[in-house]
Every structure is written in C-alpha cells, then in structure tokens.
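Novice: what follows is a predicted protein model with its sequence.
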Amino acid sequence: MLAISSLHFKQKIEFPTGPIRIIHLTFTLETDSSGGPSPSILPSGEQPDLYSTNKYRLQACVDVDGCIPISIVDIVGAGAASWSRGLDFILEDGLVLRAQLHHDLSLYRSDQLGRVLAHVRVMSGSPKGEVPLKESTGTFQVSEGVVAFSAVSSSDVIPPDDEVYIFADEYEAQTTVDPAVRGIWSSCPIEQGMNLQKSDSWDLHYLLDLVDLSLTRAKEYGSPEVQDAEDYALKALGLCPSPHPHRFISLAAIGKARMTHYEFDGATKKLDDAFTYHREALELCPQDFPHREMFLTRIASASLGRFRRLREREYLDQSLRYYGDALALCPPDHDFRAVALHNLATASLVLFSANADIVDLVRSIVLYNEALDIRVPGHPDRPVTLFGVADAYSQWFDRTGELSDLDHAILYCHEALTLQPPSRPEDAPRLTSLATACIRRYIHRGDMKDLDRAVKFQQDALQLYRDGPNARSAALDNLGGMLLMRYRYKGDAEDLEQAIKNHSQALMFHPRGHPDRQGTFSNLGSAYVTRFELKNEVGDLERGVRYHEEALKLCPSEEHPGNGPYLYNAANVLLSRFAQLHDPPDLDLAAAHLRNATSLLSPDDPTLGLVHLASAREHLMRYALFRNQTDCDEAFQLYEKAAHHSASGTRQQLIAAVRWASLAEENRHVSSLVAYTRSLHLLDRQVSVGRDVSSRRTLRTGVSLTIASDAAACAVDEGQCELAVELLDQGRGLLWAQLIRYRTSLDDLRRLGNEETTLADEFDQLSKLLESGAISKDTPWAYERGQEKENQRYREIAEKWEATLARIRKVSGFSHFLKPTPYTSLQQAARFGPVIIVNISERRSDAIVIHCVGSPRIIPLPHATPTSTSKLSLNLFNSVRNNRSQECESNIANQAGEITRHVRVQRKAQEDDDAVLARILAELWDSIVCPVLDSLQLRAQLHSTPPRLFWCPTGPLSSLPIHAAGKAGTNAMDFVASSYLTTLSSQIRVSKETFDSPRILLIAQPNTPGASALPMVNAELAVIQRVVEGYGGAAVNILSGQDATIQTVGRALEDSHWVHFMCHGVQDGLNSRFLLYDGALSLQSVMHQMVQDAQFAFLSACQTASGDAQTPDEAIHLAAGLLFAGFRSVVATLWSINDDDGPRVAGAFYEMLGESGELRGGDAAIALHASVQALRSRGVQPTRWVPFIHLGF
C-alpha cells in the first residue's frame, strides 16, 4: 500500500443528544496538488450532494449513551465517484484518518456493495476491537485508535441518485457481515433517525436504508424485524405520491419486504402483495433505467414463488420470461450477469421438474456452468451457484440413473460448504440439497453411511432456521422421511417416532392450498403404516389410509405424471388393510391405483420398480383368495420385472429379488431357482458398492444371511447339485472373494502378446488401487470435500476396472474370467480328500460330498435345522467362548491376572462349560457327523494315519467344532483328520508348491506392554526352536519381545514360508488383532500382506478362528486373513487356549512334522491331529483340546 495523504479532524464533530441510533456521515474525495485524494469530513447535519461524482455517504450505528466500535462502520449506501482505484481509510492516533491507495483490486471485482464489511481489522486499541467514545456536552472524540479497513473500488460504487438503494438491497443476503455488526444489529433498535433530516429527499434515503437494515436483521435473527421493514417501506411510498419519479423504488422496497415476510410465515397474501408491488414497480421503471434488470429479477422471483405455491403454469412462464429479459440486459462484462444466469438456471430447473422435458434440465446445467465461469474460485457467490448446479445434477441422475452424476452433485455441495460453512438461516436450504443428494445415493447404492450423513445434514439444516414455519416445514418433512428410511434399515423405534413427529409438525405448517401439503400427507401416511407394522395397532393403519386418501385428493388431475408415487403409496396402505381386515374392496381399489400408476410412470422412473413389487403383492393376495393360478404366475412375473428394473438401483432390485425368491419358495413356484440366482448376482453387486471392507460387511448384514444356503437347498431339491455348490460358493465369503479378484494372476493373458500384456498391466494397476482403498480403515464422515473426492475417485477407478474387465473377457479364452467359478473348477478343492459342505436351510439340510472327479453326492441331514444349529452356536458362545474370551480380554486390558491365552475360571464354571460343550458335541455327532462318516464308510475301520476330511460348514455351523463331534467314548477324531475350508474358490487359488527347506518366522511376545504376561511363551519358543533347527535346511528368524514390532513383523512376513505367532490374540471382527510389542497387528494390516510362496501359519493365540456371529459365512477372523495373504495351511483356535497347552501342542506338532526327516507344511493337518490327540489322551477337559483346528490344505 502507498500512503497518499493524512486527514486531521479540523474540528470536533457535534452530534445532537438524545436517543439517536442512526448517524450519517459524509466524506468527500478531492484531488489535491499532489495527485492524491484529500478527504474532508462533513457533519451529519450538512446536506450532501447526491449527484456529485466525487462523494461517498457512510452510515454508522452510534449510541450516544454508550460507546461504538468503530470497526462496525456499515457502508450501506454511496454516491458516485470518479476515483477508479481502491482506497483504504484508516483511523489512527485518535484523531487522524489516513487515506491509502492500493492497486490490487482482484479481490474486489464485485457486484455487491456490502462486501467491504468483510474487511474489518483491528490495528490497535482495545483488545476486543472496541473504541470507547467519551461524551462531553454532546461532543464525541476518539480516545483509542482502531482501523476500519474498507477496500472500495469503482466497481463497488453506485451510479448517481437513487440507484444506490436498488444496488445495496439486492445482495445483502450474500454479504459477509462482521461479527461486531451482528452484535449491534441484534442489540440496538433501528429507529428515530428521522429527526436528523432537513428534507424529504433525505427522509426517503433514510427510510429505504432502514428497510434494508431491518430485512438484514430479520434474516439474521428472525422475523420480528420484517414488519418494521414493511412499515418503513410504506412510509417511503408515502413520500412518493404518483407521479413521483422515485415511486417505483419505494414500490420495489415494499415488494421485497412482503416477499421476505412470506418466506417466514408462508402467508399467501404476502406473496400476492409482493407480486403486485413488484409488477407496479416494473411498470413505472423507465425502459432506459440503468438497473432495470434488478426490477425484472424481483418480479420474476415473485412469479416463481407464486408458481411454487399455486402450481399454476402461467406464473412459471412469467418468471422465465422476466428472468430471460433480465439476462438480455446483461452483456458478458456486466456485473449482474452471473446473477441473471443463476436465476434463469434455477427457473429452468423448476420447469424441468414441472414438465420433465430433458431440454430444460440441459439448459439449466449450461446456465449454471456459465455462471460458475464468472463466479470463479474466490468469488463470494460461488457457493450459491455450486448448490444450484448440484441440484441440477441430482435431477439429472434421477433421469439417467448414472451414479457419477450424483457423485458430482455431492462433490459440488461439499465444495460449496467448504467455501462457506453453514451458519445462517439462508444456508439451511444448501444443507438440505446435500442431504437430499445423499439420500438419493443411499436409495440407489444402499450405503448406510449416506443415510446417516443425510440425517445429520438435514438435522443441521433444521437447527439453522430461527423462525418462519414456511421454511422449517420442508426441513421437517425431509428429516421425517430420512428417519423413516433409517428405521426401516436399523429398526430403531425412536427414529420412527421422530419421523411421525416431524411429519406432523410439517403438516401443521402447511395450510390448505400449500403446494407441499400433498407430499406431507403421503409421508405421514407412510410413517403411520410403518408403525402399524411394528405395533399392529389398527388406529395407525386407519390414519395411514386417511392421509394417503387426502394426498390423492390433491393430485392436480387424474392423468398428471406426478401422481404415480401417490397412487403407489395409497395402494400399498390399502393392501396392508386388506391383509388385516380381508375386505375385498380394498384389494380392488389398490389394484386400480397400481394400474393407473403403471400407466403414468415412465419406464426409467425408479418408482416403477416399487409399483411392480406392490402389484405382485396384490396378485398374490388375490391368488390366496381365489386360487387362480394366473394371478400367481402374474405375481412372479412382476417380481422378476422389479428385480431387473435397473432404474430402481441395485439395492431395490436386490430387495425385490430376495422377496421374489422367498415367496416363490413359499408357494413352490417354478421361478424359485431363477429368483435365487438373480438374488446372489445382485448381492455380489450390492456388497461391492462399499469402498472398504467395513462398509461392505455392513451392506452384507442388511440382506438375508441364509440366502446362499436357501438357494443351494432349492437347487438340490431340483436335482441340480452342481449348481448348488456353485451358488453356495458365489453367495458366501463375499468380502474375501471380492478382494481376491484384485489379486488374480494374469500370466496366461500376458503370454498372448504385447497388446494383451498392456491390458493385463492396466488391470493389475487398477486392481492394486482398488485393493488399497478397499482394505483401508474407514474414516469418520464430515463435510470435507477431500473425503468425498477420494470416494468419488475410488468409484471412478472401480468403473475403469469394470470396463477393463469387460475388455479382457472379449479376449479369446477369457470369456469366463472372474465370473462365478464353475463346479468343475471348484471340485479341485477335493484333490487332497473329500470336501463336505454342510448346508443348513429351512427347505432341507444336506451334506454335499465333493470328490475331485464326478458329481456331488447328497447326504440328507433331516435332524440338522437352522433352529437347532443356531441354538448350538448360541449356547457355545454364551458358555465356552464367551466366558473364556471375556476373561481373556479383561486380563489383556487390565493386566489383572496370570492368564492370556487361557482363562483360569473357578472349577464350577469350568464344569459347566465342559457340560455344555459335551452336549453340543453330542448333538453335532448325531445330526451331522455320524451320518456323514457312516455314508462314507469311514467308521468301518480305524487307520494308523487317519484319512483327511475337509469340512465346509455354512451359517451358524461355521463357529461349531464339527471336527470334535462325538459322544459316549466315540469321537470324530478317532476316524478322520479334519480340516476346514471357508469357501472352495478361495482355497483352489493358493500355491501348490512346497519347500523342503522353508524360511520359518517365530514371533514371541511373552510380556506384551499393557497386557498380562504369557509365561509359557518362552518355553514354547524354545521347544519349537529346538525341533526346527534340528533340520538343517530350515532358516529360522526369531522376533521376540521388543524386536517383535508391527513394522519388523510385517517385513519379515513377506519373506517367510512359515510363521508361528505366540502372543495375545483378540477376536473383534475386522478389528481382530495380534498384540505385539509396540501395538496391534490388525486383521486389516494382515490383509495388506501378499506373501509370496507362503505355506503354513501356526497361530498360538486366543480366538484366531472364532469368526463373526453377525456374518458367519464371511469368515472374518485372523486365520482367514492369513489364508487371504497367501498361506495355504493355518492352525488356529476357536476360543481362548490354556497358556500351558501352547508348548505341549506346538512341540508335539513340529516333532510330528519332522518324523519323515523333513519339514513339510502339507502334513500340518495330520500333525495337528496327532498333537491334539496326545493332549486329549492326557485326560484334559474338552474345552482345552477342542479349540485347536486346521484350516486349508
């Protein structure tokens, strides 16, 4: 900055005493001999010359009985000035006002006069920025220095005369107001400024200023000031009787005040008045008036408001015409052009919503983007247009179903919120836009995070509304709908009650004739019907019917395209009442509504899928009533349509497919198997929507956990046993299967040539990016644009990955690449022994026996039912696993005891655990294991080396010790050496190569910081070290104590064939972990590992294979993580083990492995079998020897 001149007060400024709140000061810019401005101060009582080209008018709020912070000087009006460069005024040294010139005007390219309020600084004086003004016989002087930093350029200055009022009021809503100004506005009444004036001309200016200030205060703090604004505007109009040349300005001020009043209370009379006053103002505004576009904008806004309220097309057409005329008056370099573009874009978007013509939507997006080109980053009004274009892209998504459009909409919202964090009432609709976009994405993708985000954003928006039911009502209604959705997903009754409460409040704010009344009726009706389904109170059902009937009455015409959703909702509630009361007219009326809805909805409307579902339900109800097979067949044809209606999104299609499969099963319809196949295909797509494993797990829990088992049972019933195996593999272990896709070898593709090698490299690169994002830990959601950009980038990579996959499948010989594995490949999992898939379903339960050649063999298990196996799993968890695991975790956390891998509970509790376990093992023997062994003739004779059997249990069986089933002195371990497979496809991918001289990693943590000691770990380490070092070919790497850190273990894993963990283990779903010296090696960290030539892992720790009760078929535990990392064989534990048993089992295990003179990982199952049998022969309790299991080959 360059100081040009300094101004000293030549005299004290005398102010009248009394309750004066508004004092006007005027300063003049004059060119002195040095070429710089020489300002002078005029007292407020002196009449300014508004037509001068070198004077400004400043307005300050001054309380003569107190003190004023000079930093809140509010520039609300100005005369014209010829000075074309920026000018700063600095008040310093008590009585000195310094004028400074600067040349960087890039930040002040403005169409807002009030923007200077954003540039207030305190340079000296009071720490709080306040400058006391001392009173002395009506005379004030500054006692402390402070800076009122106001950068003003020629583009911020108003042309001569009354146009100042037009300019200032048009933009005050977007002005960034200094906090001190807000404090004055909230505490000081704006009144009694009139006694300072000497003429009607001044009175008019002051009154119009008061209108602007009152409306600003109203928007900032609530509605009471709106009436003051109307009063001031009416007084101003009284000073301009017809044919006063400035009457149109006063008329416009009344129109704006009435429009603001309508926005608060929704009173149609206020809206009509606003429209009338703005129309008259426009009629009186001269055609050549320099700012006629502002008057056109006001009447356009009022017309648009009337259309939104009355739904009469003529008002929308008027609005579009006026906005278009305003834009025509704004050439490319016009300051108002961005505003005109934004407004016309908004009206075009409303037109698209009214008539669904895609041309209007395209026009809206084009106009918004042109406005963004002007409102470049850094422009204060950029957030407003970003939200506008976000709304347009959201509606574009509704039309096209392209998720990338919705992602762009959400990204625009995040950018806008980053630029202007929400804090004012006018920010609430912007939060609502983001909430609405998130809820749309939830409906399409089913990601619970989007639903939670939507609720949070809408709640934040609601809190910003300080007053005005007209604005709050929409927010209440939106929040109610989102809470209802969340209830349907999570089942929290409080969400349902809050939904009803919010919809009810919204309805109170929607009087007859309100355009949103119809939607609120429908929403409230749906909420009551949902509560009826929960509580079965008929009163809720009747309320639902009544509210939906009221919504239908408000449809503009029978053939209106917008009637579809209301007809669907009304039909749905009638079907619910028919199911309760069995009144045939309800069924007939529902059918009529659904037929009408189908005829009105376009093929790409998402609601059509819901209508198909409801129509299918109606046909099934009719079939149950009249037993007409045609109704049954039509019902399942409609379910099939709903399950293939792509516009509904994957989540809704999946819901339809699962319902189709369930009801086809119940009715023994021929489409059952087709329905199950479609369900599993959609389930895979739905789970893949999640970016990380955690979100994918959440998505998996939202769908029937038995869907794969039920599909297999259906296939077995229809004699398609190979398909049963394929469906089970396709529908189980989805989290691992999707990650495995990213690690699939493409060596065969690379051998075909250079072009194929490039394609394989591209696929590998995209796979690595996706795997990194999928395994990464979840991050808390927030407004931040960065996280949303990362999520969008991940989805873009996923789309490229899908496109590359499609290209690979076009290569000869790769048409089935990464498609569900066929049975002929899956049966290769039986190359080391028979695989027994134990499938439990309500339809039927079977053991499916797979050999490496031939078709599957079915062994019916009539006594194994979902109910019985779930009860066994629950009993095991509540006794053995829960008692021991809770004690273990308590000791780990509190260092309170001597136990970590084992729990020394009281003897009575131990006896209870053993008794429970004995009953579980006996029932498993009777219902599952004995029938299988007998069918395979494996009990006919005992073998010195027992044959191997590979169990692949499903559902709750996944956590049960099938390998140890037995009773009365007979046990499965007497006949076979058992191993477990999570899924067949995950196991057949592992390396078949073995190493006679493996690199062995031993990890020992006897004294983990923050956890109880493991006194037997050193003994276990010594035993293993002695055995393995006896075989000269083995290279042993030991990481013990402080050497066993997260980093060193991670590095060593990558270079090892074998690994043996001796430490604490904690089972906690995806947070399962090994406790090392400096922290936890988590399951997700293990999943990041890709160990080349990995063979065998021994996990001598607690609960390393106990799984997750919420998703039992997903095998979420540490042992599965090591299998995924590449290990082909793992020894793990189902629950906490005795610390003393670690050395015994491990020592016997490795000695058994070395009996042949070499260490072979492929013999791990036989070695474990022998070592556990040795422990069992010592007479220890089953709770000690049963938990050791072998997984893999």
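Specialist: It's in. Only a predicted model underlies this, so the values are computations on that prediction, with no experimental measurement involved. Numbering: from 1, shown residues only.
Novice: show me what contacts the residue nearest the centre of the chain?
Specialist: The residue at the geometric middle of the chain, judged as the C-alpha nearest the mean C-alpha position with CA atoms, centre = their mean, is Asp450 (2.3 Å). With CB atoms under 8 Å, 6 or more residues apart in numbering as the criterion, the residues that contact Asp450 are 438-439, 441-442. All C-beta spots, glycine's among them, are computed from the backbone N, C-alpha and C.
Novice: tell me where the model's unsure across the protein.
Specialist: 1-203, 220-224, 466-471, 691, 702, 773-788, 881-911, 990-996, 1032-1033, 1156-1158 (pLDDT under 70).
Novice: tell me how it divides into domains.
Specialist: Residue ranges of the domains in the chain are recorded as 1-196, 555-670, 747-817, 835-980, 992-1192, according to automatic domain parsing.
Novice: by neighbours, which of the contacts of Asp450 wins?
Specialist: Neighbours here are counted as other CB atoms under 10 Å. On that basis the top member of these is Cys438, with 27 neighbours.
Novice: which ones are touching it?
Specialist: 410, 450-451, 453-454, 457.
Novice: I'd say Ser958 and Pro1112 touch.
Specialist: Yes: Ser958 is in contact with Pro1112 according to CB atoms under 8 Å; the separation is 4.5 Å.
Novice: between those two, who's got more neighbours?
Specialist: Ser958 (27 against 21).
Novice: in a helix, the more buried one, correct?
Specialist: Yes: note on Ser958: a helix contains this position according to DSSP: H, G, I helix; E, B strand; the rest coil.
Novice: nearest residue to Leu284 in space, please, no chain neighbours.
Specialist: Among residues not flanking Leu284 along the chain, Phe248 sits closest, at 3.8 Å (CB to CB, 6 or more residues apart in numbering).
Novice: wait, that neighbour sits on Ala281?
Specialist: Yes: with contact defined as CB under 8 Å, Phe248 and Ala281 form a contacting pair (4.5 Å).
Novice: how about the contacts made by His1060?
Specialist: Contacts of His1060 were listed using CB under 8 Å, 6+ apart, and they are 1000-1003, 1024, 1097-1098, 1100, 1146.
Novice: got the buried residues for the longest helix anywhere in the chain?
Specialist: When the chain is scanned for its longest helix (criterion: DSSP state H), the result is helix 785-809. Along helix 785-809, the positions that meet the burial threshold by neighbour count (16 or more other CB atoms under 10 Å) are 785, 788, 791-792, 794-795, 797-798, 800-801, 804-805, 808.
Novice: same check, this time on stretch 496-506
Specialist: By neighbour count, with 16+ other CB under 10 Å as the criterion, the buried positions of stretch 496-506 are 496, 498-500, 502-503, 505-506.
Novice: likewise for stretch 595-603?
Specialist: Within stretch 595-603, the residues that count as buried by 16+ other CB under 10 Å are 596-598, 600-601.
Novice: what's next to it, contact-wise?
Specialist: Applying CB under 8 Å, 6+ apart, the set of residues contacting stretch 595-603 from outside is 356, 558-561, 563-565, 567-568, 571, 607-608, 611, 615, 647.
Novice: sorry, back to before: got any residues that touch both of Phe248 and Ala281?
Specialist: Between them, Phe248 and Ala281 have Phe295 as joint contacts when contacts are counted by CB under 8 Å, 6+ apart.
Novice: can you show me the helices along the stretch 851-1000 of the chain?
Specialist: With DSSP state H, counting those that start in this stretch applied, the stretch 851-1000 of the chain shows helices at 866-876, 882-894, 907-924, 930-935, 984-988, listed in chain order.
Novice: packing partners of the shortest one?
Specialist: Based on contacts counted as 3 or more CB pairs under 8 Å, 6 or more residues apart in numbering; DSSP states H and E, the elements that helix 984-988 packs against are helix 721-731, helix 734-741, helix 823-826, helix 1118-1125.
Novice: what's the following helix or strand past the third one packed up against?
Specialist: Counting by DSSP states H and E, the next helix or strand C-terminal to helix 823-826 is strand 835-839. Based on contacts counted as 3+ CB pairs under 8 Å, 6+ apart, the elements that strand 835-839 packs against are helix 707-717, helix 721-731, strand 846-850, strand 948-953.
Novice: out of the ones you listed, which is closest to Leu620?
Specialist: The minimum distance between Leu620 and the helices and strands packed on strand 835-839 falls on helix 707-717, with 18.7 Å, by CB to CB.
Novice: helices or strands up against the closest one?
Specialist: helix 650-666, helix 672-687, helix 721-731, strand 835-839, strand 846-850.
Novice: could you export the ones you listed as TSV, including mean neighbour count?
Specialist: Rendered in TSV, the data for these read as follows (neighbours: other CB atoms under 10 Å):
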stretch	mean neighbour count
helix 650-666	23
helix 672-687	22
helix 721-731	25
strand 835-839	27
strand 846-850	23
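Novice: TSV for those, including distance to Glu640?
Specialist: Output for those, formatted as TSV (distance: least, CB to CB, whole Å):
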stretch	distance to Glu640
helix 650-666	7
helix 672-687	8
helix 721-731	18
strand 835-839	25
strand 846-850	27
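Novice: out of those, which is closest to Arg488?
Specialist: Evaluated over the helices and strands packed on helix 707-717, closeness to Arg488 peaks at helix 650-666, with 10.4 Å, by CB to CB.
Novice: next, the angle from the closest one to helix 672-687.
Specialist: 160 degrees (axes from the mean of the first three to the mean of the last three CA atoms, to 10 degrees).
Novice: next, the angle from helix 650-666 to helix 707-717.
Specialist: Taking the same axes, to 10 degrees, one finds helix 650-666 and helix 707-717 inclined to each other by 40 degrees.
Novice: counting contacts, what elements does helix 650-666 pack onto?
Specialist: Taking 3+ CB pairs under 8 Å, 6+ apart as the contact cut, helix 650-666 packs with helix 428-445, helix 606-626, helix 629-643, helix 672-687, helix 707-717.
Novice: quick check: angle from that helix to helix 428-445?
Specialist: For helix 650-666 and helix 428-445, the angle between their directions (the same axes, to 10 degrees) works out to 40 degrees.
Novice: sorry, back to before: sitting in strands, which of the contacts of His1060 do you find?
Specialist: Residues from those lying in strands, with DSSP state E as the criterion: 1000-1003, 1097-1098, 1100.
Novice: tell me the one among the residues you listed nearest to Lys768.
Specialist: Of all the ones in strands among the contacts of His1060, Ala1097 has the smallest distance to Lys768: 23.7 Å, by CB to CB.
Novice: surely the closest one touches Arg1128?
Specialist: No: taking CB under 8 Å as the definition, Ala1097 is not a contact partner of Arg1128, at 9.4 Å.
Novice: so these two - more neighbours on which side?
Specialist: Regarding Ala1097 and Arg1128, a neighbour count based on other CB under 10 Å identifies Ala1097 as having more, with 32 against 23.
Novice: list the contacts of that one.
Specialist: 1058-1061, 1119, 1122, 1127, 1129-1131.
Novice: could you rerun that using 10 Å?
Specialist: Ala1097 makes contact with 1001, 1053, 1056, 1058-1061, 1086, 1091, 1104, 1118-1119, 1121-1123, 1125-1132, 1161, 1164, 1191-1192 under the criterion CB atoms under 10 Å, 6 or more residues apart in numbering.
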